[in-house]
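Trainee: Sequence and computational prediction follow.
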Amino acid sequence: MTLPPDYLERVYAGVLGKIIGVYLGRPFEGWTHERIMRELGEIRTYVHDRLGKPLIVPDDDITGTFTFLRALPDHGNSAGLTPAEIGATWLNYIVEGRTILWWGGLGNSTEHTAYLRLKSGVPAPDSGSIALNGKVVAEQIGAQIFIDGWAMVAPGDPELAARLASKAASVSHDGEAVYAAVVLAAMEAQAFVESDVSRVIDGALAFIPADSVIRRLIDDLREWRAQEPDWRRARERLAAKYGYDRFGGNCHVVPNHGLIHLGLLYGEDDFRQSLSIVNTCGWDTDCNSGNLGCLLGIKNGLKGIEAGPDWRGPVADRLYLPTADGGRAISDAAAEAIRIANIGRSLAGEPSIAPKAGARFHFELPGSVQGFEIQRSPDVDHTASVENIVGHSAAGRRSLAIRYPDLVPGRPLRVLTPTFIPPQALQMPGYGLPASPTLYPGQILTAAVSADAANSQSVRCRLTTDVYGAQDVLSPSGGPEVLLEPGEQMVLEWRIPDGEGTPIADVGFELGCDSPASGVVYLDYLTWEGAPEVSLVRPSSRGKLWRRAWVEGVDMLVPNTPEPIRVVQNRGRGLLIQGAREWKDYRACATVVPHLVSAGGIAVRVQGLQRYYALLFVREGRLQLLRVVERTEVLAQEQLAWEFGQAYELALQVERQRLRAWLDGSLMFDVDDPIVALDGGGVALVCEEGCLSCTDFHISPPSDSSKATKR
């Protein structure tokens with residue numbers, strides 16, 4: 001596989017096309033064509049505001065697409081990835097009943113049915129098979145809506161895309177649903193190198209049976225396009241021959257796959273027109289619009305998306321990925337594009353890329369703002385703006401320009417991007433938003449800024465955050481202030497102070513002045529590093545959002561208990577998780593009380609529900625140090641007469657490959673683990689079949705505990 005020279009930018013356009021399409025179609029998902037025409041008319045731009053709904057929402061189409069693809073890096077980025085390994089990825093990242101899937105029940109929701117099969121020990125592809133789940137359940141739309149990532153890691157290689165897509169689709173689907181997913185993935189892979197729509201379709205059809213329903217559907221649509229110039233009449237023919245009434249289930253793949261081709265064939269290669277058609281037709285609008293938006297984003301690049309209304313401005317790259325890996329929940333299109341492109345580069349034998357030395361916010365992709373927006377309020381209504389531009393970067397090619405025509409004393413200008421659930425998303429309808437913050441106290445925040453030489457005067461500049469303080473109201477906090485002269489470049493640095501456990505909601509920088517000013521300041525990059533220094537239990541402010549920072553991979557996080565945290569797991573093993581994959585070397589220390597448990601304790605370098613190190617009390621009178629990477633291995637153990645209801649201080653420290661564990665201050669285990677799969681991740685409380693409480697959970701940089709003696 002040879003990568004196109006503009007591979008990363010085309011992936012970015014594909015990600016943007018996906019999320020724009022989903023956000024466009026989501027507010028009226030499931031509506032009929034007739035209702036859309038009656039209440040909204042033809043869909044030409046975002047309509048969420050007309051329906052009183054938010055634009056940026058968690059959505060299964062987005063979360064599943066970018067989460068299931070993690071099977072590749074989690075299993076060595078091998079083109080030989082198996083359906084069973086993708087199924088294991090489902091079990092690692094999906095929090096049952098809470099994330100990614102429609103939890104509609106066994107035999108009613110295809111994905112829920114497949115998940116239950118996987119959980120009960122049925123491996124993929126049997127988990128999604130017609131033989132086990134029946135034809136109707138196995139041929140719903142889900143495999144298609146999650147498929148785009150498998151194409152974006154195989155640019156110009158439709159055979160590889162089709163093979164990966166078939167394996168991924170078979171985890172939950174079978175038959176026509178798999179064929180639809182394969183066709184779409186092959187088309188998207190070919191779209192990286194082929195501009196002719198007809199040839200893109202022809203190439204994809206080679207990967208499915210000639211007598212399949214999907215093949216007949218596509219052939220019919222191409223014939224109708226040659227005969228009928230009006231897409232509305234073609235839609236009527238599609239509804240009559242392949243409509244919902246012809247197939248069973250809640251959302252069958254065949255009718256919706258037909259609408260994707262209808263929008264593509266009649267859209268005249270225009271992003272706006274194509275999405276207008278596929279959304280105005282109705283049925284599963286966000287899914288169909290997201291798939292078609294991704295295909296056209298890949299095929300025509302950023303220019304194709306920008307040749308119409310302002311699709312990108314309202315989105316500002318923002319997306320949510322709620323999974324068991326809570327530190328990835330608050331994300332953006334540029335970050336996801338880099339991750340996808342690096343998987344594709346690995347498959348092609350190319351090294352990974354890390355713009356601006358791996359800075360979290362780098363702005364190297366054209367037009368990217370990575371969630372940064374001007375903070376506006378009724379009393380401070382700046383006319384300032386943000387724009388991605390070429391130049392003014394010492395570390396790369398592009399930067400974020402903050403233009404302020406009317407900065408006045410006493411009204412600082414704040415430019416921020418989310419690091420945790422924003423206030424407007426706290427009561428998100430539909431899919432919830434379990435998430436952990438991405439930024440924590442103790443970490444070192446760094447940003448490179450510069451002032452335009454033509455600025456009217458100097459401005460005061462500092463790094464800033466908002467935390468959820470008393471009563472969960474946002475409270476600003478700022479770093480050291482510097483004076484930025486016209487033409488001056490500067491690197492700002494700030495160690496995030498202790499917030500007593502209050503989650504950090506956003507990060508950015510602030511501009512102020514002593515007299516009215518106008519000009520431009522450029523943000524080259526903003527990033528952070530290092531281990532946190534933070535307590536993760538109830539803060540003194542007594543707010544509630546500190547609990548939302550924990551991702552509930554347990555049956556119950558019990559409310560209103562005397563201790564800050566009490567968790568219950570009725571069957572199997574559950575994890576209450578917080579932190580980020582970027583955490584590498586650190587020490588976790590918690591005071592836990594095992595009540596009635598088969599096993600319980602703490603975990604570090606947590607990468608989901610089935611990837612972590614754990615220090616656990618085990619009911620048979622043992623203390624164990626475990627490595628869990630889809631299967632459990634005991635690294636060390638000691639006989640220990642622990643008791644229910646007794647408080648114990650557990651500490652587990654990771655430094656590179658070395659793990660050290662303490663019980664009540666005594667060193668219990670000191671081992672090296674040569675397996676590199678767990679190179680970073682958050683922390684968790686672990687509870688297996690019972691109840692466990694926690695009064696304190698502290699994260700800190702690794703400490704020199706050489707004075708401690710082994711018990």
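Mentor: That came through, no problem. Numbers count the residues shown, from 1 in each chain.
Trainee: Looking at the longest strand belonging to the chain now, give me its mean pLDDT.
Mentor: Secondary structure of the chain per DSSP state E: the longest strand is strand 682-700. The pLDDT scores in strand 682-700 average 97.
Trainee: State the number of residues packed around D585.
Mentor: 15 (other CB atoms under 10 Å). Every residue, glycine included, has its C-beta placed from N, CA and C.
Trainee: Give me the sheet partners of the helix or strand that contains E552 and which way each runs.
Mentor: In this structure, E552 is located in strand 551-553 according to DSSP states H and E. Partner strands for strand 551-553, per DSSP bridges, with pairing direction: strand 565-578 (antiparallel).
Trainee: now the partner strand against strand 682-700, angle please.
Mentor: 100 degrees (axes from the mean of the first three to the mean of the last three CA atoms, to 10 degrees).
Trainee: following strand 565-578, which helix or strand comes up?
Mentor: Assigned by DSSP H and E, the successor of strand 565-578 is strand 586-596.
Trainee: Show residues contacting that next one.
Mentor: Contact partners of strand 586-596, identified using CB atoms under 8 Å, 6 or more residues apart in numbering, comprise 531-532, 563, 600-602, 604, 617, 642, 644-654, 683, 685, 690-703.
Trainee: out of those, which are buried?
Mentor: In terms of neighbour count (16 or more other CB atoms under 10 Å), the buried residues within those are 531-532, 563, 600-602, 604, 617, 648, 650-654, 683, 685, 690-700, 702.
Trainee: Got phi/psi on Q639?
Mentor: Recorded main-chain torsions at Q639 are phi -70, psi 140, according to degrees, to the nearest 10.
Trainee: do the same with D506
Mentor: Backbone torsions of D506, given as degrees, to the nearest 10, read phi -160, psi 170.
Trainee: Thought V415 was touching it, still the case?
Mentor: No: taking contacts as CB atoms under 8 Å, D506 lies outside contact range of V415: 10.0 Å.
Trainee: which outside residues touch the helix or strand where E236 lies?
Mentor: Element membership for E236, per DSSP H and E: helix 231-242. Helix 231-242 has contacts (CB under 8 Å, 6+ apart) with 33, 217, 220-221, 224-225, 228, 254-255, 258-259, 262, 266, 277, 281.
Trainee: Now the two most distant members of those.
Mentor: Maximum pairwise distance among the contacts of helix 231-242 (CB to CB): 20.0 Å, between E228 and V254.
Trainee: In the record's domain split, what are the boundaries for the chain?
Mentor: Per automatic domain parsing, the structural domains of the chain span 7-326, 358-529, 550-700.
Trainee: who are the neighbours in contact with Y23?
Mentor: Residues in contact with Y23 (CB under 8 Å, 6+ apart) are 46, 48, 55-57, 286, 315.
Trainee: brain fart, A138
Mentor: With contact set as CB under 8 Å, 6+ apart, A138 has these partners: 110, 128-130, 173-175, 177.
Trainee: What about those, which are in helices?
Mentor: Among these, DSSP state H puts 110, 130, 177 in helices.
Trainee: Let me see the confidence value for the last one.
Mentor: Read that as A177. Looking at A177, its pLDDT stands at 98.
Trainee: wait, it sits on Q144?
Mentor: Yes: using CB under 8 Å, A177 is in contact with Q144, at 6.8 Å.
Trainee: between these two, what contacts are shared?
Mentor: Common neighbours of A177 and Q144, counting by CB under 8 Å, 6+ apart, are 169, 253.
Trainee: which residues of the stretch 501-650 of the chain fall in strands?
Mentor: Remark: strands assigned in the stretch 501-650 of the chain by DSSP state E, counting those that start in this stretch are 504-512, 517-529, 534-535, 551-553, 556-557, 565-578, 586-596, 599-606, 611-618, 622-629, 632-639, 648-655.
Trainee: can you give me the helices in the stretch 1-150 of the chain?
Mentor: Ranges of helices in the stretch 1-150 of the chain, per DSSP state H, counting those that start in this stretch, are 7-25, 33-39, 60-68, 71-74, 83-93, 110-119, 130-133, 135-138, 142-145, 148-152.
Trainee: Which stretch among those is buried most, on average?
Mentor: By mean neighbour count, with neighbours taken as mean count of other CB atoms under 10 Å, helix 148-152 ranks first of the helices of the stretch 1-150 of the chain at a mean of 32.
Trainee: for that helix, the distance to its chain's centre please.
Mentor: The chain centre lies 15 Å from the centre of helix 148-152; the measure is CA atoms, centre = their mean, to the nearest Å.
Trainee: Heading C-terminal from that helix, find the next helix or strand.
Mentor: Sequence-wise, the next helix or strand downstream of helix 148-152 (DSSP H and E) is helix 158-169.
Trainee: which other helices and strands contact that next one?
Mentor: The helices and strands touching helix 158-169, judged by 3 or more CB pairs under 8 Å, 6 or more residues apart in numbering; DSSP states H and E, are helix 83-93, helix 142-145, helix 148-152, helix 176-191, helix 197-205.
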